[in-house]
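> Give me the fold of what follows.
(one chain, ligands or ions: 1)
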Amino acid sequence: MDLPENPLSNMSTQANRLQIVFATNNAHKVEEIQAAIGPDLDVISLKQAGIDIDIPEPHDTLEANATEKSTTIHRLTGANCFSEDTGMEITALGGEPGVKSARYAGEDRSFQNNVDKVLQKLKGKPDRSARFRTVISLIWEGKEYLFQGICSGRILEAPAGDGGFGYDPIFVPDGDTRSFAQMTLEEKNKYSHRRKAADQLVEFLKTAQ
Ligand code: IMP
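Sure thing, here's the model as predicted:
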């Protein structure tokens with residue numbers, strides 16, 4: 001693992017902009033959270049912070065995995081930081097894939113294989129209801145705070161759209177007829193689980209600074 005020569009200070013500034021480390025290397029997630037947080041705070045990925053690490057997600061809840069990621073980065077850098085863990089919870093599958101969303105198709109995992117597995121398992125099941133749930137773990141001044149965002153909707157019979165990532169092509173949020181993959185990021189963010197959790201994070205940060 002490579003660490004930056006100068007581990008980040010608790011809350012660093014560059015060119016007068018406040019920065020916070022987001023314990024992820026998923027560029028889509030950084031973009032979504034940055035859009036939610038707005039221009040006052042720069043969200044930087046692990047890569048941008050000079051941290052080369054693949055943090056394991058060994059636990060069986062989103063909360064425990066989010067905590068694992070944020071505390072790992074906090075231990076390494078001493079910086080205020082946050083992580084998030086998201087799962088797609090499908091009613092007819094008893095909440096699966098849930099915490100296993102990233103690796104639902106096993107070793108052979110890819111967004112496409114995960115989507116195919118969900119569609120296969122839902123074949124013939126009338127209940128298509130599902131939800132995305134995001135948990136954010138923030139380490140602020142050495143203390144942990146958890147935030148949650150939920151987006152309810154349904155699973156399509158077949159993928160639609162080519163935007164977004166992960167399960168976006170098969171998920172339609174309540175209140176719309178298009179899949180997340182058929183929306184712009186701005187449109188997705190009107191409904192997004194991650195956006196809802198990020199909004200709470202932003203509220204907290206506003207009062208904490
Ligand atoms: P993670 O463990 O939080 O990275 O997310 C687990 C998996 O859930 C990812 O690999 C994606 O397949 C899926 N996922 C997370 N967030 C979203 C989203 O906003 N849209 C679609 N799929 C998502």
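
> contacts, neighbours, all on C-alpha from now
Fine.

> Helices of this structure, residue ranges please.
Using DSSP state H, the helices of the chain run over 27-37, 62-77, 111-122, 185-191, 193-208.

> Which among these is found nearest to the ligand?
Taking C-alpha to the nearest ligand atom as the criterion, helix 111-122 is the member of the helices of the chain that comes nearest to the ligand, at 5.7 Å.

> mind checking how far the closest one is from the chain centre?
Between the centre of helix 111-122 and the centre of its chain there are 20 Å (C-alpha atoms, centre = their mean, to the nearest Å).

> what's that helix in contact with?
92-93, 101-105, 128, 157-158, 165-167, 170 (C-alpha atoms under 8 Å, 6 or more residues apart in numbering).

> Deepest in the core, which of the helices of the chain is it.
Each of these was given a mean neighbour count from mean count of other C-alpha atoms under 10 Å, and the largest, a mean of 21, is that of helix 62-77.

> before we move on, back to that, worst mean pLDDT among the helices of the chain?
When those are compared on average pLDDT, helix 27-37 comes out lowest at a mean of 86.

> anything in it near the ligand?
No. Using C-alpha under 6 Å from any ligand atom as the criterion, no contacts between helix 27-37 and the ligand are found, and the smallest distance is 7.6 Å.

> CA atoms only for that helix, dumped as CSV, please.
This file holds the C-alpha atoms of helix 27-37, laid out as CSV (Å, rounded to 0.1, in the frame of the first residue of the first chain):
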residue,chain,number,x,y,z
ALA,A,27,-15.3,7.7,-9.8
HIS,A,28,-19.2,7.5,-10.2
LYS,A,29,-19.7,7.7,-6.5
VAL,A,30,-17.3,10.6,-6.1
GLU,A,31,-19.1,12.5,-8.8
GLU,A,32,-22.5,11.8,-7.3
ILE,A,33,-21.5,12.8,-3.8
GLN,A,34,-19.6,15.9,-5.1
ALA,A,35,-22.8,16.9,-6.9
ALA,A,36,-24.8,16.5,-3.7
ILE,A,37,-22.3,18.4,-1.5
